[in-house]
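Undergrad: need coordinates for the below:
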Amino acid sequence: MFAMSLGDGAELRPLEPWHAEEFLAHMDRGRDFIGAHMELPDLATDLVSARAYLQRYAEKAASDTGRLYGIWLDGTLVGGVSFPKFDAAAGICEVGCWLEPAATGRGLVVRAARVVIDWAFHERGIHRVQWFASPKNTPSINVAKRLGMTREGVLRETYLYRGVRHDAEVWSVLAPEWQALAD
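TA: Below is the predicted model of the structure:
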């Protein structure tokens with residue numbers, strides 16, 4: 001099984017359909033916090049919908065169009081990072097993240113995102129990694145900054161969430177920039 005240490009008792013692993021009960025418990029612990037800026041908790045409200053969400057990502061992984069990884073801290077699922085969109089032929093992907101409140105402030109998302117971004121650039125030949133964040137989601141914007149991403153602008157009222165249109169900041173890092181950050 002694939003598992004990568006993130007240090008400090010944390011590890012990154014694929015988050016798969018057989019984790020549905022654990023994933024649902026995690027969503028229940030962080031539902032209001034995670035749902036402040038993203039729809040994920042609304043998509044996993046019971047065991048059936050949690051399993052279906054994880055199955056969609058399993059199908060994305062099988063078709064090479066997305067991936068989903070969990071962040072475990074001392075053996076408990078506390079968050080994750082994902083490739084909601086992954087287009088190897090075009091050389092573009094999107095990275096997303098979430099954490100439950102008890103796991104914030106430890107740098108877990110930055111460490112996990114670095115692992116998956118590095119994989120996208122070095123193993124898959126991706127040229128551009130994108131990051132979208134609500135302008136009100138300061139922690140997510142701070143992660144993009146810590147990853148060395150560039151803010152490209154704001155997509156005004158680009159997505160509907162809980163009956164309200166929301167803006168999204170667009171951040172990105174290109175392969176040569178990522179390499180320069182590593183040097």
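
Undergrad: ranges for the strands of the chain?
TA: Under the criterion DSSP state E, the chain contains strands at 4-7, 10-14, 67-73, 76-87, 92-99, 128-133, 150-161, 164-174.

Undergrad: mind listing residues that contact the first one?
TA: Here strand 4-7 makes contact (CB atoms under 8 Å, 6 or more residues apart in numbering) with 11-13, 71, 108, 111-112, 115. The way it works is simple: take the backbone N, C-alpha and C, and place the C-beta from them, glycine included.

Undergrad: and which of these is nearest to residue 154?
TA: When these are compared for distance to residue 154 (CB to CB), residue 112 wins out at 25.5 Å.

Undergrad: please name the residues that touch that closest one.
TA: With the criterion set at CB under 8 Å, 6+ apart, residue 112 makes contact with 6, 12, 69, 71, 79-81, 97.

Undergrad: are any of the contacts of strand 4-7 buried, and which?
TA: Buried by 16 or more other CB atoms under 10 Å: 11-13, 71, 108, 111-112, out of the contacts of strand 4-7.

Undergrad: redo those residues as JSON lines? Include distance to residue 147 and pLDDT.
TA: Formatted as JSON lines, those follow (distance: CB to CB, whole Å; pLDDT from 0 to 100):
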{"residue": "11", "distance to residue 147": "20", "pLDDT": "97"}
{"residue": "12", "distance to residue 147": "15", "pLDDT": "98"}
{"residue": "13", "distance to residue 147": "21", "pLDDT": "97"}
{"residue": "71", "distance to residue 147": "15", "pLDDT": "98"}
{"residue": "108", "distance to residue 147": "13", "pLDDT": "98"}
{"residue": "111", "distance to residue 147": "10", "pLDDT": "98"}
{"residue": "112", "distance to residue 147": "11", "pLDDT": "98"}
